[in-house]
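S.K.: Build me a structure from this.
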Amino acid sequence: MRKRTIAAAAPVAALAGIAVQDLVQKQHALRRNFPVVARLRYLVESIGPELRQYIITSNDEERPFSRDQRRWIYASSKKENNYFGFGSDNDTENSSYPIVKQATFSDVVPASPIHGRDVELPGAKILGGPRGRRLAFRPASAVNVSAMSFGSLSPQAIKAINQAAHLGGFLHNVGEGGLSDHHRQGGELVYQIGTGYFGCRDARGDFDLPRLVEVVGSAPVRAIEIKLSQGAKPGLGGHLPGVKVNAEIAHIRGVEQGKDVVSPSRHTAFRNIDEMLDVVEEIAGATGLPVGVKSAVGELAFWQELAEQMADGQRGVDFITIDGGEGGTGAAPLVFADHVSFPFRPGFAAAYGTFAQAGLADRVTWIGSGKLGLPGNAIVAFALGVDLVNVAREAMMAIGCIQAQKCHTDHCPTGVASQNPWLAHGLDPEQKSHRLVNYVQTLRRDLLKVSEAAGVRHPAMLGPDAVEILDGDRSHRTLAEVYDYRPGWGVPEPGITSAIDHYMSRYDDQPGEDEVVQHEPVEVDPDPKQATE
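M.R.: A predicted model of the protein is given here:
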């Protein structure tokens, strides 16, 4: 009888021990929130490639991020081996996809080896320089974190991102929800002004410039972004479900706790481009900061008029962030996510081309967002003319997101996009901040190595002729041909490229050109086929 009791108790004790281990560890939010049960997910996922290969989907068919893409992000964030073996599993015979043309010979000296130390990859332009802003600066990183509000993301997620921004030397956009204490972990910020004016509104909800000056002066804010629209729901204002509006968020935003918060679809501080440029100059004058706009691309007349009104040099935006209409971190009605505004590539090309044709492209710092946190997509964006890329969903994955697509429900299982204290508790900011730093450093390093392979020292120096779009194995055209770019478009003017080329030449004496380089082995996932956070 005693033996039976011991035998029956043994499994229970073992499960209890596993549960305690899951609750104590901080590396996996899912296991911390769902002890023991979360391990079943990993078990099922371990045979996922076989299930997809023979029954469901391939590694490249899942959306919005495929298994291969998620695996690359997770491995990069954990400093594991993010190589892929046995060749590409893309359908190269039938798919349309970009190809970067490597240079057979080049004067560019390879920088540090790909698994070596982090290398600097600053922005190619001085943000705010052309308009002489008092606090103009060169962004320290060509890769930065896009706008994601406190409210959409948990306090722990915001802390992790801002700590990472401090450690990794990149910018953190606060999103339209205002600037919270969670944003004050040392990372430099971009303050976003949305149509609800959260954090810089008066008692009636109107834009309040003195309040804005006070807020940005209280934190390391380096630039201000006026959000006109976003790719997830262009033409709609932000929507924060009431279940996420707790007392802290209500206080920061100046709204009522527990009620849905729906921002207007358009700004009330200005009603047209002329008034908008007046507001831009007013904000820049009061703060000294570079001021820009963020928008998805819909009607092209807006961009034509904006370029026309900036032509005389009297007023203008310092940067333009183009958001892809294929959607992002914000939840949205399906029709808006799928059918309103252009995807990033044609949208950016249309807006950039309008300014380039008017001779104004170099007066603006161009920022791209919309699934650009993957090296291949980012390289195409740089070749089209972006100077900086912003990452959002990829940053979420680096700190634990598993693409559960429950952001709008407050039931995010890893606590990234939830205000539920129990779920958010599973995300350890200290642990996850280092993962985000690793991911950004890896992306910067990959962008640098691909640029060097193509014969330039910085991705902003890549032109639209450096990348071709293949139509399977039947035909191919350069980006310049696809998007009707003229000679000289897509690359900053010679003075700018010369300056960034000189800056990047500091790595010319690094090992890797003429000798074999050895370094400590990179950790290898025991099952590299898995895409686990």
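S.K.: Assumed residue 321 was part of a strand.
M.R.: Yes. Counting by DSSP: H, G, I helix; E, B strand; the rest coil, residue 321 is found in a strand.
S.K.: Would you check that it makes contact with residue 294?
M.R.: Yes. Counting by CB atoms under 8 Å, residue 321 does reach residue 294; the two are 3.9 Å apart. Every C-beta, even on glycine, is put in place using the N, C-alpha and C of the backbone.
S.K.: Could you tell me which residues touch both of the two?
M.R.: Both residue 321 and residue 294 are contacted by 225, 367, 369, under the criterion CB atoms under 8 Å, 6 or more residues apart in numbering.
S.K.: Let me know how buried the last one is, in neighbour terms.
M.R.: Right, residue 369. 29 (other CB atoms under 10 Å).
S.K.: Also the one 3 residues further on?
M.R.: The criterion is other CB under 10 Å. On that basis, residue 372 has 28 neighbouring residues.
S.K.: who's in contact with it?
M.R.: Counting by CB under 8 Å, 6+ apart, residue 372 touches 344, 378, 381, 386, 389, 390, 391.
S.K.: Same question for residue 161.
M.R.: So residue 161 contacts 145, 148, 153, 172, 187, 395, 399, 433, 436 (CB under 8 Å, 6+ apart).
S.K.: now residue 39
M.R.: 18, 22, 31.
S.K.: in a strand, that's where it is, yeah?
M.R.: No. With three-state DSSP as the criterion, residue 39 is assigned helix and is not in a strand.
S.K.: any idea how far residue 21 is from it?
M.R.: Here residue 39 is placed at a distance of 10 Å from residue 21 (CB to CB, to the nearest Å).
S.K.: just to revisit the earlier point, filter the contacts of residue 372 down to just the ones in helices.
M.R.: Counting by DSSP state H, the contacts of residue 372 place 344, 378, 381 in helices.
S.K.: got the residues you listed as a markdown table, with distance to residue 492, neighbour count and pLDDT columns?
M.R.: Below are the ones in helices among the contacts of residue 372 laid out as a markdown table (distance: CB to CB, whole Å; neighbours: other CB atoms under 10 Å; pLDDT from 0 to 100):
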| residue | distance to residue 492 | neighbour count | pLDDT |
| --- | --- | --- | --- |
| 344 | 20 | 26 | 93 |
| 378 | 17 | 25 | 97 |
| 381 | 14 | 27 | 98 |
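S.K.: Throw the residues you listed into JSON lines and include distance to residue 71, thanks.
M.R.: Listed next are the ones in helices among the contacts of residue 372 as JSON lines, based on distance: CB to CB, whole Å:
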{"residue": "344", "distance to residue 71": "23"}
{"residue": "378", "distance to residue 71": "17"}
{"residue": "381", "distance to residue 71": "22"}
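S.K.: remind me which residues of the stretch 151-300 of the chain are low pLDDT?
M.R.: For the stretch 151-300 of the chain, the stretches flagged by pLDDT under 70 are 231-237.
S.K.: so where do the strands sit in it?
M.R.: 172-173, 189-193, 221-227, 239-240, 261-262, 291-296 (DSSP state E, counting those that start in this stretch).
S.K.: Just the buried residues out of the contacts of residue 39, in ChimeraX syntax.
M.R.: Listed next is the ChimeraX selection for buried residues among the contacts of residue 39, using 16 or more other CB atoms under 10 Å:
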select :22,31
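S.K.: what about residue 185, how many residues close to it?
M.R.: Residue neighbour count, defined by other CB under 10 Å, stands at 19 for residue 185.
S.K.: With adjacent residues omitted, what lies nearest to it?
M.R.: Nearest non-adjacent residue to residue 185, counting by CB to CB, 6 or more residues apart in numbering: residue 162, 4.0 Å away.
S.K.: Now do the one you found: how many residues are near it, please.
M.R.: As a burial measure, residue 162 scores 27 neighbours (other CB under 10 Å).
S.K.: Use 8 as the first number for this chain going forward.
M.R.: Sure, I'll start counting at 8 from here, so that last one is residue 169.
S.K.: ok, it - contacts?
M.R.: 179, 189, 190, 191, 192, 193, 194, 196.
S.K.: Most neighbours among those, which one?
M.R.: With neighbours taken as other CB under 10 Å, the top of those is residue 179, carrying 28 neighbours.
S.K.: show me what contacts the residue nearest to it when sequence neighbours are not counted?
M.R.: Leaving aside its sequence neighbours, residue 179 sits nearest to residue 172 (CB to CB, 6+ apart; 4.0 Å). Counting by CB under 8 Å, 6+ apart, residue 172 makes contact with 151, 152, 178, 179, 192, 193, 194, 195, 196.
S.K.: Is residue 75 in contact with residue 90, as I believe?
M.R.: No. Judged on CB under 8 Å, residue 75 makes no contact with residue 90 at a distance of 11.8 Å.
S.K.: Of the two, which one has the most company?
M.R.: residue 75 (19 against 12).
S.K.: Against which helices or strands is the helix or strand where the more buried one lies packed?
M.R.: Counting by DSSP states H and E, the element that carries residue 75 is helix 74-84. Counting contacts by 3 or more CB pairs under 8 Å, 6 or more residues apart in numbering; DSSP states H and E, helix 74-84 is packed against helix 55-61, helix 400-405, helix 436-460.
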